[in-house]
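Asks: Quick check, what structure comes out for this input:
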Amino acid sequence: MSLQYSVALVGDYDSSVPAHQAIPPALDLASAHHGTRIHATWVPTAAIQRPEVDLESYQGIWCVPASPYKNTQGALSAIRFAREQKRPFLGTCGGFQHALLEYAQNVLGMVEAAHAEINPEGSQLLIAPLSCSLIETQAELLLEPDSILSKSYGTRRIVEGYRCSYGPNPEYENTLFTGDLWVTARGMEGEVRAGEVRGHPFFVGTLFQPERRALKGELPPLVREFTRAVLGNSPETRYS
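Replies: Numbering: from 1, shown residues only. Purely as a prediction, here's the structure:
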């Protein structure tokens, strides 16, 4: 019997969102590249009440763009499940922002860490408005050597596209990126644009939206490597 591989797309699907349009073809391109079929299921954040049950059957978790989510806690609990259970995780745009919130709250004990779009009066605005909005823009990035990102792209300098107005608050950078969480991509002026968790098989978050390459028929390198990790996370592999 052939193995079944599946990815949970955690977020609230909206057909008008370009990134949501791009994710299915990105996964199709990755499936073709790997010579197997990777099934994707949109999992609304409101449907996530017990992630250990709701997400157990998925080999990978992708927290997708277009936040704020209808159920912020649902998204955060899905990210925590992926981090603690060592499931391959990809968070793009809003998914990256919420991955930072989850890490701050549950690993660093920053229980007041907040997202300015959701709670603008929060005392610890870990995610804040960008000094320069990145709506439908492309920009050059410098990747850290030995990161999953740089290995995925095969180079340290890339250009990727954005559609966001919020990102990591520079005031908390030294507090947040400590221990196993590290910055793996920066803008050309030093702004944080991606991060990874050391010691995890695959836990990557990007402020940019690499999936949108698929709208031009290109296999996004990061999606290729995320799905490679998914293929290595079958139940047979996980429990062997």
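Asks: Longest helix in this protein, please.
Replies: Looking only at the chain and at elements set by DSSP state H, the helix with the highest residue count is helix 18-34.
Asks: Can I get that one in PDB? Just the C-alpha atoms.
Replies: Only the C-alpha atoms of helix 18-34 are listed here, as PDB (Å, rounded to 0.1, in the frame of the first residue of the first chain):
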ATOM      1  CA  PRO A  18      -3.200  35.700  -4.300                       C
ATOM      2  CA  ALA A  19      -1.200  33.600  -1.800                       C
ATOM      3  CA  HIS A  20      -4.200  31.300  -1.400                       C
ATOM      4  CA  GLN A  21      -4.500  31.000  -5.100                       C
ATOM      5  CA  ALA A  22      -0.800  30.100  -5.300                       C
ATOM      6  CA  ILE A  23      -0.500  27.400  -2.600                       C
ATOM      7  CA  PRO A  24      -2.400  24.600  -4.400                       C
ATOM      8  CA  PRO A  25      -0.300  24.900  -7.600                       C
ATOM      9  CA  ALA A  26       2.900  25.300  -5.500                       C
ATOM     10  CA  LEU A  27       2.100  21.900  -3.800                       C
ATOM     11  CA  ASP A  28       1.200  20.400  -7.100                       C
ATOM     12  CA  LEU A  29       4.500  21.400  -8.500                       C
ATOM     13  CA  ALA A  30       6.300  20.000  -5.500                       C
ATOM     14  CA  SER A  31       4.300  16.700  -5.800                       C
ATOM     15  CA  ALA A  32       5.400  16.400  -9.400                       C
ATOM     16  CA  HIS A  33       9.000  17.200  -8.500                       C
ATOM     17  CA  HIS A  34       9.100  14.500  -5.800                       C
END
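Asks: ok, so what distance separates the closest residue in space to Ala114 that isn't next to it in sequence from Ala99?
Replies: Leaving out its chain neighbours, the residue that sits closest to Ala114 by C-beta to C-beta, 6 or more residues apart in numbering is Gly122, at 3.0 Å. Where you see a C-beta, it was placed from the backbone N, CA and C, and this is true even at glycine. In this view, Gly122 and Ala99 are 18 Å apart by C-beta to C-beta, to the nearest Å.
Asks: Next one: the residue nearest to Ala114, what pLDDT does it get?
Replies: Reading off the confidence values, Gly122 has pLDDT 94.
Asks: again, but for Ser2
Replies: 54.
Asks: Strands along this protein, start to end?
Replies: When assigned using DSSP state E, the strands of the chain occupy the ranges 5-10, 38-43, 60-63, 89-92, 113-115, 124-143, 157-168, 181-187, 192-197, 203-206.
Asks: Can you spell out which helices and strands pack onto the shortest one?
Replies: Looking back up the chat, that one is strand 113-115. Judged by 3 or more C-beta pairs under 8 Å, 6 or more residues apart in numbering; DSSP states H and E, strand 113-115 is in contact with helix 94-106, strand 124-143.
Asks: what residues does the shortest one touch?
Replies: Meaning helix 94-106. 10-11, 62-69, 72, 75-76, 79-80, 83, 89, 91, 110-111, 113-115, 124, 126-127, 164, 166-168, 172, 176, 181, 194-195, 197, 203, 205-207 (C-beta atoms under 8 Å, 6 or more residues apart in numbering).
Asks: Please report how far the residue nearest to the spatial centre of the chain lies from Glu189.
Replies: Against the mean C-alpha coordinate of the chain, by C-alpha atoms, centre = their mean, the closest residue is Gly91 at 0.7 Å. Noted for Gly91: a distance of 23 Å to Glu189, by C-beta to C-beta.
Asks: go on, Ala22?
Replies: For Ala22, the distance to Glu189 under the criterion C-beta to C-beta works out to 27 Å.
Asks: Then Glu144?
Replies: Applying C-beta to C-beta, the value for Glu144 to Glu189 is 16 Å.
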